[in-house]
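J.: Model the structure of this input:
(2 chains)
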There are 2 protein chains.
Amino acid sequence: MGNKVSIGLLGLGVVGSGIMKLIESQQKELVHQLDCSVEVKSVLVRDLDKARNVNVQQTFLTTDPTDVLEDPEIDVIVEVMGGIEEAYQYTLEAFKAKKHVVTANKDLIALHGTELEETAREHKCDYYYEASVAGGIPILRGITDGLAADKIEKVMGIVNGTTNYILTKMTNEGMTYEAALKEAQDLGFAESDPTADVEGLDAARKMAILGRLAFSTDVALSEVEVNGIKDLELADLEYGEKFGYTMKLIGSAECEDGQIEVSVQPTLLSNDHPLAAVKNEYNAVYVYGKAVGETMFYGPGAGSLPTATAIVSDLITVIKNMRLGVNGNSSLKPRISATLRSSEQRSGQFYLRIHVKDQIGAFSEISTLFNDLHVSFKRILQTPMKQQDLAEIILITHQTSLATFENALKQLYDLDVVQQIKSYYKVEGDAPDEVAGTTKALS
Amino acid sequence: MGNKVSIGLLGLGVVGSGIMKLIESQQKELVHQLDCSVEVKSVLVRDLDKARNVNVQQTFLTTDPTDVLEDPEIDVIVEVMGGIEEAYQYTLEAFKAKKHVVTANKDLIALHGTELEETAREHKCDYYYEASVAGGIPILRGITDGLAADKIEKVMGIVNGTTNYILTKMTNEGMTYEAALKEAQDLGFAESDPTADVEGLDAARKMAILGRLAFSTDVALSEVEVNGIKDLELADLEYGEKFGYTMKLIGSAECEDGQIEVSVQPTLLSNDHPLAAVKNEYNAVYVYGKAVGETMFYGPGAGSLPTATAIVSDLITVIKNMRLGVNGNSSLKPRISATLRSSEQRSGQFYLRIHVKDQIGAFSEISTLFNDLHVSFKRILQTPMKQQDLAEIILITHQTSLATFENALKQLYDLDVVQQIKSYYKVEGDAPDEVAGTTKALS
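T.: Numbering: from 1, shown residues only, chains lettered A, B, ... in the order given. Model prediction:
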């Protein structure tokens, strides 16, 4: 490999420019660490003439992928072009040409990660993708290296900065969803088409990747249960707050006895939980290991330089592996096969807001219904509504199975006194004043 | 190395027992990852007859260190005996016998880390010590691997669980220092002799190690400025709370232009800072990287299994290196030489509580004093005291140099109206309601 490692860059957008800048500014440090220089030799772009906010010689740019993928002098491909089809093809071609690949492409990894890793291994190539989950947070290393000695039982994360920004504004400033989204868009924290973020799809991709690594099993994107935040009403955040909970879009992955459960859903999180303090556009991933207990990794989930940092960290690992002659082992762990938990096996606490007819015996009917299903409550709040004949009831259940809760919902629909089921959400943890066994109904 | 790696354990206390348990329970997983089994072959103990809460064959125990250090079949030494002199000698002997060493011994690393790393390198041995800082949190990896691509500018940490537990109790339950310490001792979070914890020495050792790794420079323990928590009064925590700050024992290490500043001191931390939410016996290390921005690593700072997890993670790294034939490179980074920042170069915001004679012009004298030194205030609170002729004044300054603040203190002592300087602490960050420029004096 000589005294220089040559990089081919696919894409020169926000992240690609950050990588160019970081490699330039950290060059001295890279030479120190790697005993060789690192140089971006060729960059695939869509438009040669587009203005760039980064210094790059025009002769390095090309619109022909073969200039990058077939250049024998290029050792490592950095794929930051996004999208799936082309990126997939180019990655395969890179491996076939014995080039290592580093990527930030969560969409690609979530869909084709397992297959691409196998192809990489076949060709003794490295394939690293730290930047694909939670931007600048070294969470994938945290899971694969740092916690290598432990059995991971659960991963919970705030892995989408856009939705966390919106939820923070709704919680702290009482903004509506629409107003908070607008502000996020104005500040560049949300895209003009925010669908993938607010519907939870972006978070679902990251949870599929995290679940795959944490449990050494395949997690298909279709196996992730996804609910977004766009139907959230302020009322539910405010009730949560009263009880000591903060609404967050939580990605969760659990594995026990070969059965997995992976979901992304708005969750009322105990204010005592470390994730509840994660604000604005920040990301954090909480990992529960059997031996180590609770750990959490916090940081910027996106952005040009944070993401570039993760990419360059991966690059350093690849180049160290090149020097040691040990590429192709980036995913040594054997995979276990796992099945999805059924709704009988899934359990949780649930928050429920319903409108009932304000008449004698109404609450009694509801409580009998839950009682018959052996579901008990940790919180109950009933408030008369402005429409005089209705009352709003908030319930938070103790731990119960999802199947039982869904059954309760179905039966509630059929009750005459129930005018509407307004909303229901998962609840995680015990609110601060519940911890010492002082659970109380709010008066 | 064959199909088995043999470990020699120095010490079988709380952490040693945890390592035995973890290696046993994770054996299948270790074989999968490493393609070889891992076996504890020999254990150095002080007392052969002591009752153990872990399964270990009596024949594996020895009181003779040479049984472990000179056994040619032992590949890796795990040093969890604590103390300095013996541990230092045994570690040197292990390297000379070409054995790799993994340790949790922060005292030893803080004092002799640089020298021992050099000896390890000379003998092509690995020397890892993830468990020495923040127990189960993979923070050293986070710094050396995950953020390898970035320039770290600042590391701040809550790296002592005992003091964080005490401070949490004082903050949340209004306990005095003495009562909180007593509870911590009863629950096993504080030792019967808590000196090293409450005086900040334990945290100082960890900050020396963190500073050394983050900035690739030598940080002598004597270069860490240390203040503990044993003189903290509830009043200062309560005033802090009123202004939006939480009192934490913060270890801080900064490096800029070859000048370092490393300290451990009680600090009023903005409630908005991610470290402010770290409660009870938990630890967290906040890292500020030039490119990545803010990241934080959170988890258990001590305990048998969490610490054992870090040790076994290091073991896995050592064994992987053995398989790859690349031991002896665990600290490849070149060191820079750095000098200590002078008090003129050190800056910060400061909290100050003084008792003054309650007479006309008293506050004016004080404000003139600060004004003459070009120090301005972000918070001022004056309250009459029960002793009718005295008033209590709380000041929080804007950013100023430490030298200037110390100068102000000296001049305050000489003022006739100042009856007593009760306390002063560093302040970190802006309280939540100051952020938007709405700083206000509390009425």
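
J.: any idea how far residue A:262 is from residue A:270?
T.: Distance, residue A:262 to residue A:270, by C-beta to C-beta, to the nearest Å: 21 Å. Placement of C-beta: from N, CA and C, glycine included.

J.: More neighbours: which of these two?
T.: residue A:262 (26 against 21; other C-beta atoms under 10 Å in any protein chain shown).

J.: isn't that one right up against residue A:223?
T.: Yes: counting by C-beta atoms under 8 Å, residue A:262 does reach residue A:223; the two are 6.1 Å apart.

J.: Mind listing the shared neighbours of those two?
T.: residue A:208 (C-beta atoms under 8 Å, 6 or more residues apart in numbering or on different chains).

J.: mind listing the helices for the stretch 51-200 of chain A?
T.: A:65-69, A:85-96, A:106-122, A:139-141, A:161-173, A:177-186, A:195-198 (DSSP state H, counting those that start in this stretch).

J.: Put together CSV for the ones you listed, with mean neighbour count on each row.
T.: Putting the helices of the stretch 51-200 of chain A into CSV (neighbours: other C-beta atoms under 10 Å in any protein chain shown) gives the following:
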stretch, mean neighbour count
helix A:65-69, 18
helix A:85-96, 19
helix A:106-122, 19
helix A:139-141, 27
helix A:161-173, 22
helix A:177-186, 17
helix A:195-198, 19
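
J.: so which of those comes closest to chain B?
T.: helix A:139-141 (5.1 Å; C-beta to the nearest C-beta).

J.: now that closest one: mean pLDDT?
T.: Averaging pLDDT along helix A:139-141 gives 91.

J.: now do stretch A:259-269
T.: 97.

J.: is it up against chain B anywhere?
T.: No: with C-beta under 8 Å from any C-beta of the partner chain as the criterion, chain B is not reached by stretch A:259-269; the gap is at least 12.6 Å.

J.: interface residues of the stretch 151-300 of chain A facing chain B?
T.: So far as C-beta under 8 Å from any C-beta goes, the stretch 151-300 of chain A lies against chain B at A:151, A:272, A:274, A:277-279, A:282, A:284, A:289, A:291-300.

J.: Which ones among these map onto strands?
T.: A:282, A:284, A:289, A:293, A:294, A:295, A:296, A:297, A:298, A:299, A:300 (DSSP state E).

J.: with these in mind, which one is nearest to residue A:425?
T.: residue A:284 (19.7 Å; C-beta to C-beta).

J.: Strands of the stretch 251-400 of chain A, start to end?
T.: Secondary structure of the stretch 251-400 of chain A (DSSP state E, counting those that start in this stretch): strands at A:259-270, A:282-289, A:293-300, A:339-340, A:347-357, A:377-384, A:390-397, A:400-401.

J.: Adding distance to residue A:42, write those out as TSV.
T.: TSV is the format used below for these (distance: least, C-beta to C-beta, whole Å):
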stretch	distance to residue A:42
strand A:259-270	37
strand A:282-289	32
strand A:293-300	29
strand A:339-340	44
strand A:347-357	51
strand A:377-384	60
strand A:390-397	57
strand A:400-401	56
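
J.: looking at those, which is closest to residue B:305?
T.: strand A:293-300 (7.5 Å).

J.: mean confidence for the closest one?
T.: For strand A:293-300, the per-residue pLDDT averages 95.

J.: Could you export it as CSV, CA atoms only?
T.: In CSV, the C-alpha atoms belonging to strand A:293-300 read as follows (Å, rounded to 0.1, in the frame of the first residue of the first chain):
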residue,chain,number,x,y,z
GLY,A,293,-26.4,-2.9,33.0
GLU,A,294,-27.4,0.5,31.6
THR,A,295,-25.1,2.5,29.3
MET,A,296,-26.0,5.3,27.0
PHE,A,297,-24.2,7.0,24.0
TYR,A,298,-25.2,10.5,23.3
GLY,A,299,-24.3,13.0,20.5
PRO,A,300,-25.2,14.7,17.2
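
J.: Direction included, what does that strand pair against?
T.: Under the criterion DSSP bridges, strand A:293-300 sits next to strand A:282-289 (antiparallel), strand B:293-300 (antiparallel) in its sheet.

J.: any idea of the angle it forms with helix A:161-173?
T.: 100 degrees (axes from the mean of the first three to the mean of the last three C-alpha atoms, to 10 degrees).

J.: Tell me how far strand A:293-300 lies from the chain's centre.
T.: When distances are taken as C-alpha atoms, centre = their mean, to the nearest Å, strand A:293-300 is centred 13 Å away from the chain's centroid.

J.: do stretch A:143-157 as well
T.: Worked out by C-alpha atoms, centre = their mean, stretch A:143-157 lies 15 Å from the chain centre.

J.: what distance separates the start and the end of that stretch?
T.: Terminal residues of stretch A:143-157 lie 13 Å apart, using C-alpha to C-alpha, to the nearest Å.

J.: try stretch A:120-138
T.: Terminal residues of stretch A:120-138 lie 22 Å apart, using C-alpha to C-alpha.

J.: so, in contact with chain B or not, that stretch?
T.: Yes: Stretch A:120-138 lies within reach of chain B by C-beta under 8 Å from any C-beta, at A:130, A:136, A:137, A:138.

J.: Return the set of buried residues in that stretch.
T.: Neighbour-count burial for stretch A:120-138 flags A:120-121, A:123, A:125-138 (criterion: 16 or more other C-beta atoms under 10 Å in any protein chain shown).

J.: One more: stretch A:235-252?
T.: Buried-residue list, stretch A:235-252, by 16+ other C-beta under 10 Å: A:236-237, A:239-240, A:243-252.

J.: in the lowest-mean-pLDDT helix or strand in chain A, what counts as buried?
T.: Within chain A, no helix or strand scores below helix A:27-34, which has a mean of 85 by mean pLDDT, DSSP states H and E. For helix A:27-34, the neighbour count (16+ other C-beta under 10 Å) marks A:29, A:30, A:33, A:34 as buried.

J.: Same question for stretch A:287-307.
T.: Buried, per 16+ other C-beta under 10 Å, within stretch A:287-307: A:287-289, A:291-307.
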